[in-house]
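In: Task: produce atomic coordinates for the following.
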Amino acid sequence: MEYTYYQETPETDVLNGIMELPKHVFEGAELKLEELTEKKNLLIFVAIDSKRVIGFKMGYEFNDHTFYSWLGGVHSDYRGKGIASELMHRQHEKIKSLGYPKVRTISRNKRRAMLLLNIKFGFDVVETFVSKKGTHKIVLEKEL
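Out: Prediction:
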C-alpha cells in the first residue's frame, strides 16, 4: 500500500483512478475534472495498491483560516483496514503544516461510517441544514 498526495491535478493514471472511485463510493456519482481545477489550493491524498487507486481524500481552501475537506472514500474491497483514517490523518497533518488552524467538512447521517470517523477524529457538529435537493446535511469542524 502506498500513500501519496498532490497539490495540483495528478498524472493521468492516478487522475483516472480518482475520477472512477466516486462512482463506486457514492452510488454512481460522477466527479468532473472542472470541479477539481476550479478549487483554490486543492489538495488530494490517495491510497494506491498495485497501481490501483483504492482510496482518496481531497479538499481545498474554504477561506484564509479554514480548509474544507470535500470528498473522500475507500473502495468497498478495502474498507475496514484503516485506510480512511490514514488518509484523514495525513490530510490534517499537511493542512496544519500549511497554516490552516481549522478544517471543516459536511456529512450526512446516511454515511454513518464517515460521520463516526469524523467524530472520532475530533470534529464537532456546528450546524445542520437541508440542501436544495432536500437532503439533511451535517456541518462539522475541527481545530487543528
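
In: give me the low-pLDDT residue ranges for this structure?
Out: Applying pLDDT under 70 to the chain flags residues 28.

In: mind listing the helices in it by residue range?
Out: According to DSSP state H, the chain carries its helices in the segments 12-25, 33-37, 83-97, 112-120.

In: Direction included, what does the longest strand along the chain pair up with?
Out: The single longest strand within the chain, with elements called by DSSP state E, is strand 52-63. With DSSP bridges as the test, strand 52-63 is paired with strand 43-49 (antiparallel), strand 66-74 (antiparallel).

In: Now do it: everything it contacts.
Out: The contact list for strand 52-63 (Cβ atoms under 8 Å, 6 or more residues apart in numbering) reads 14, 17-18, 20-21, 36, 39-48, 67-75, 77-78, 83-84, 87-88, 90-91, 95, 100, 103-105. From N, CA and C alone the C-beta is placed, and that goes for glycine too.

In: State the distance from the closest residue to residue 114 other than its chain neighbours to residue 140.
Out: In this structure, residue 114 finds its nearest non-sequential neighbour in residue 107, 5.6 Å apart by Cβ to Cβ, 6 or more residues apart in numbering. For residue 107, the distance to residue 140 equals 6 Å [Cβ to Cβ, to the nearest Å].

In: Residues that sit against both of the two, list them.
Out: Common neighbours of residue 107 and residue 140 (Cβ under 8 Å, 6+ apart) are residue 118.

In: Number of residues surrounding the residue nearest to residue 139 when sequence neighbours are not counted?
Out: Leaving aside its sequence neighbours, residue 139 sits nearest to residue 127 (Cβ to Cβ, 6+ apart; 4.6 Å). For residue 127, the count of nearby residues is 10 (other Cβ atoms under 10 Å).

In: go on, residue 56?
Out: Neighbour count of residue 56, defined by other Cβ under 10 Å: 26.

In: Quick check: beta-bridge partners of it?
Out: Applying DSSP bridges to residue 56 yields these beta-bridge partners: residue 46, residue 73.
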